[in-house]
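In: Quick check, what structure comes out for this input:
(chains A and B)
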Amino acid sequence: MDLLIVFAKCLVALLIVLQVGVLLLWVERKGSALIQDRVGANRANLFGGILPFNLGIVNTLMADPLKLFTKEDIVPEGADRFLHWLAPFLALFPLFLTFAVIPFGDVLEIGGRTIDLQAVEAGPGILFVLALVSLGVYGVVLGGWASNSRYALLGGIRGSAQMISYEIAMGLALVAVVLTFGTLDLQQIVREQGKLMWGVVPAWGVFYQPLALLVFFIAGMAESKRAPFDLPEAESELIAGFFTEYSGSKQSVFMMADFVEVAIVAALVTTLFFGGWQVPWLYRDGFHLPGGLSIPLPSLLVTILGVLAFLVKLGIFCWLQILIRWTLPRLRYDQLMNLGWKRLLPIALVNVAVTAVLALLLQGWTVAS
Amino acid sequence: MTAFWILATLAVLSAIVTILHRSPVYGALALVQTLLLIAAMFALLDAHLVAFLQVIVYAGAIMVLFLFVIMLLGAEDEVRLEGRSALRLGALVSAVALAFELATVVVAKRVDGSALPASFGSTEALAERLFSRWALPFELTSLLLMVAVVGAVVLARRKA
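Out: Numbering: from 1, shown residues only, chains lettered A, B, ... in the order given. Next up is the predicted model:
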């Protein structure tokens, strides 16, 4: 029975990832159209036009993925066939696995059981996330090398160099967050953010670590190679960078990896800095507002509100990343590495040092104490 | 126990691929696989932090740099040594001697793992030891790493 529950939770997490990945394609297309003052893709029909009306958004949601899956799968001549086949898998697998430790709700009390809404209850969840981010580099570097193409190799090398550079800044931002909350467990960090500062404001990570939020968000966007950091897949320079020589399903896997990574960065930012599934002043038995007003709610409703809150926050940060992508121009490669090593890394280090000093001096400052 | 035997068999097979495959890229990737399996074995032994560090540091950073070098320097497939049988004999003898030593150590020592405290291998336990009893070796190791980094930068500059 326990195994079944774990299986169900993993299934839910997987479904969230898959749905968000597909929906983000649509949001990106329509959102970018909105930002660029045009309409975007809005025509779809079946079998060349048998329906008298336009199917509209079905274009992006169904027709686009279907088109990609039914295309011919080309492996370039002289390319390493096995690695060419393996690279998309290596790009996508760690990203899916990251969602296993993201808490998407508080406990679900069903039939006398209390089920913690986190797919895998890993103790050191943050270390797991860092490990998987490190493994994500392999898809890029192998995809670039196994294509036997100069542009792909360049894109692959650039991409992996960028990823390993920004991993460091990301890790250091996470160190500051861990210092603040005193635990490596993601569910525990979200629970700690339910406490109130001065009895009024919920202790969300953004109030304690604004600098870490900035560093983490920028580093996360650079990790997922999204604009303004998308030089490895610069569409106007390297065609498609490290996945130039991929067609059909493998290309769709790389593109999906892009969107899943957007979702992961958004999920991590929500979990660590914006309270995850926490609704302000909502506890397991209902609302306890700071004015003294208490609204009792059934526990199932509380859980559902928590999950909804998580999804709404996830959506907000996905939208923010899409907004940034279609607003800012691309960084040149040396500017990109400059930002990672000479700006973000020192800022993150100073943040860790200041946090450590503050945690020591003001014993009541960190959330955990 | 079965989990251990599966992981161990796969790890040994990956290690064999590492040394025997003719393409260096495949060898490096097989090494990554070996490291991931060893990390899984660490996790089986309740050494969670070491397992994660193995993935983050070794498989995730060091091996990526290995792959960089192999790919950028246009690695060619390995060429078999022609002749030089004395070298081959020496290699065989030292390999057999090493295997014999390792087997002796493994068979002789029996570690009783039943009396481990619950927090064995956790981050807190390791950090507590690392920063109190072993703080000086820790600081010296980080100093050594910094010396290596500075040395690498100096050498790279001189060549350019």
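
In: so what's residue A:325 up against?
Out: Contact partners of residue A:325, counting by C-beta atoms under 8 Å, 6 or more residues apart in numbering or on different chains, are A:28, A:32, A:226, A:227, A:228, A:230. From N, CA and C alone the C-beta is placed, and that goes for glycine too.

In: Distance from the helix or strand hosting residue B:87 to the middle of the chain?
Out: Element membership for residue B:87 (DSSP states H and E) is helix B:85-108. Chain-centre distance of helix B:85-108: 19 Å, with C-alpha atoms, centre = their mean, to the nearest Å.

In: next SSE after that helix?
Out: That would be, after helix B:85-108 and using DSSP H and E, helix B:123-132.

In: residues of that following helix that come out buried?
Out: By 16 or more other C-beta atoms under 10 Å in any protein chain shown, the buried positions in helix B:123-132 come out as B:123, B:126.

In: helices or strands next to that helix in the packing?
Out: Applying 3 or more C-beta pairs under 8 Å, 6 or more residues apart in numbering or on different chains; DSSP states H and E, we find helix B:123-132 packed against helix B:48-53.

In: The helix it packs on and chain A in contact?
Out: Yes. Interface with chain A: helix B:48-53 contributes B:48, B:49, B:52, B:53 (C-beta under 8 Å from any C-beta of the partner chain).

In: Apart from its neighbours in sequence, what residue is nearest whatever residue of chain B ends up closest to chain A?
Out: Closest to chain A within chain B is residue B:60: 2.5 Å, counting by C-beta to the nearest C-beta. Nearest non-adjacent residue to residue B:60, counting by C-beta to C-beta, 6 or more residues apart in numbering or on different chains: residue A:134, 2.5 Å away.

In: Just the pLDDT at the one you found, thanks.
Out: We have a pLDDT of 89 for residue A:134.

In: List the residues that contact it.
Out: A:167, B:55, B:56, B:59, B:60, B:61, B:64 are the contacts of residue A:134 under C-beta under 8 Å, 6+ apart.

In: so can I have JSON lines of those showing secondary structure and distance to residue A:194?
Out: Output for the contacts of residue A:134, formatted as JSON lines (DSSP: H, G, I helix; E, B strand; the rest coil; distance: C-beta to C-beta, whole Å):
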{"residue": "A:167", "secondary structure": "helix", "distance to residue A:194": "30"}
{"residue": "B:55", "secondary structure": "helix", "distance to residue A:194": "31"}
{"residue": "B:56", "secondary structure": "helix", "distance to residue A:194": "29"}
{"residue": "B:59", "secondary structure": "helix", "distance to residue A:194": "36"}
{"residue": "B:60", "secondary structure": "helix", "distance to residue A:194": "33"}
{"residue": "B:61", "secondary structure": "helix", "distance to residue A:194": "35"}
{"residue": "B:64", "secondary structure": "helix", "distance to residue A:194": "38"}
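
In: ok, so of the residues you listed, who is nearest residue A:87?
Out: Closest to residue A:87 out of those is residue B:64 (13.8 Å), distances taken as C-beta to C-beta.

In: Count the neighbours of the nearest residue to residue A:132 once chain neighbours are set aside for me.
Out: Computed as C-beta to C-beta, 6+ apart, the closest residue to residue A:132 that is not its neighbour in sequence is residue A:94, at 4.0 Å. The tally of other residues near residue A:94 (other C-beta atoms under 10 Å in any protein chain shown) stands at 22.

In: Does residue A:94 lie in a helix or a strand, and which?
Out: Counting by DSSP H and E, residue A:94 is part of helix A:81-98.

In: what element comes up after that helix heading to the C-terminus?
Out: strand A:103-110.
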